[in-house]
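> dropping the sequence and predicted coords here.
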Amino acid sequence: MSSGAGPDERDPARQPERTHLAWRRTVLSCGVVALLAVRQALAGGRPVPEEVAVIAAVTLVWAVFFAVTQRRVREVAPARPAAMSPRTAAAVTVCTVALAAVGAVTALF
Amino acid sequence: MNRFKLATATVRLWFSPERMEAEGETPDYRFSLANERTFLAWIRTAFALVGGGFAVDQFLPETGWAPMRTVLAMVLLLGGVACAVRAINHWARSELAMRRKEDMAYSRFPALLASAVVLIALALLVLVALGSAR
């Protein structure tokens, strides 16, 4: 460590807190996109089962994103958190691509 | 061939933290957290593009050529996918570079994205103007 701080001393630049808030912002933007997806599903005049399927899929994606966020927020709570796991990054990427896929399907059909 | 091998190795790395930890030595945790926030910022950029795709499909006025709206929505959605994939790829490459004490990767992607966003914004401007003129 370059700072020479003790193991329990918190980073004066508040890196863990900033990372915590970055996760919060990101799950919030995921929620905004999820709401737009729900609106798109309801505005198309489709049969009810299709609407329900789209809303269920979107809710699942957001729930997964929220769960990943909660876990990572707990992980960055200590003074010296470990780096994000590649699996966490992959889960986030998959959720983003899944919402885009819902968008493509509802825009095309 | 070499490029393809590199790409598949990177994709495998996304799903296996052990492989990442086997490389080099763990950098200062603050660098890793900064890399993580950069990743999240790119994910939010991806969400902005995906959300833009939804917004175009729902709110753009009808113009003379009906599929225009769908085409623009698909371009934005695909842009969001590209951003998300680039986000994890760049995160993994930066993390590895830090572990191996190598230089950070340079990328043309931000410049390409900025150009694409300018073009899409101009197209939307024209469509909205045409739509309100009708």
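Thanks, I have the structure now. Small disclaimer: the values here were computed from a predicted structure and weren't measured.
> all helices of chain B, in order?
Assigned by DSSP state H, chain B shows helices spanning B:2-14, B:17-22, B:29-59, B:68-99, B:109-133.
> format these as JSON lines; extra columns: mean neighbour count and distance to chain A.
Every C-beta, even on glycine, is put in place using the N, C-alpha and C of the backbone. Output for the helices of chain B, formatted as JSON lines (neighbours: other Cβ atoms under 10 Å in any protein chain shown; distance: least, Cβ to the nearest Cβ, whole Å):
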{"stretch": "helix B:2-14", "mean neighbour count": "12", "distance to chain A": "5"}
{"stretch": "helix B:17-22", "mean neighbour count": "14", "distance to chain A": "5"}
{"stretch": "helix B:29-59", "mean neighbour count": "22", "distance to chain A": "4"}
{"stretch": "helix B:68-99", "mean neighbour count": "20", "distance to chain A": "4"}
{"stretch": "helix B:109-133", "mean neighbour count": "13", "distance to chain A": "15"}
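> pull the CA atoms of the helix or strand of chain B with the lowest mean pLDDT into PDB?
The helix or strand of chain B with the poorest confidence is helix B:2-14; it has a mean of 73 (mean pLDDT, DSSP states H and E). Taking C-alpha atoms only, helix B:2-14 is exported to PDB below (Å, rounded to 0.1, in the frame of the first residue of the first chain):
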ATOM      1  CA  ASN B   2      -4.500 -15.400 -32.300                       C
ATOM      2  CA  ARG B   3      -7.100 -12.600 -31.900                       C
ATOM      3  CA  PHE B   4      -9.900 -15.200 -31.600                       C
ATOM      4  CA  LYS B   5      -7.900 -17.200 -29.000                       C
ATOM      5  CA  LEU B   6      -7.400 -14.000 -27.000                       C
ATOM      6  CA  ALA B   7     -11.200 -13.200 -27.200                       C
ATOM      7  CA  THR B   8     -12.200 -16.700 -26.000                       C
ATOM      8  CA  ALA B   9      -9.700 -16.500 -23.200                       C
ATOM      9  CA  THR B  10     -11.100 -13.200 -22.100                       C
ATOM     10  CA  VAL B  11     -14.700 -14.500 -22.200                       C
ATOM     11  CA  ARG B  12     -13.700 -17.500 -20.100                       C
ATOM     12  CA  LEU B  13     -12.100 -15.100 -17.600                       C
ATOM     13  CA  TRP B  14     -15.400 -13.300 -17.100                       C
END
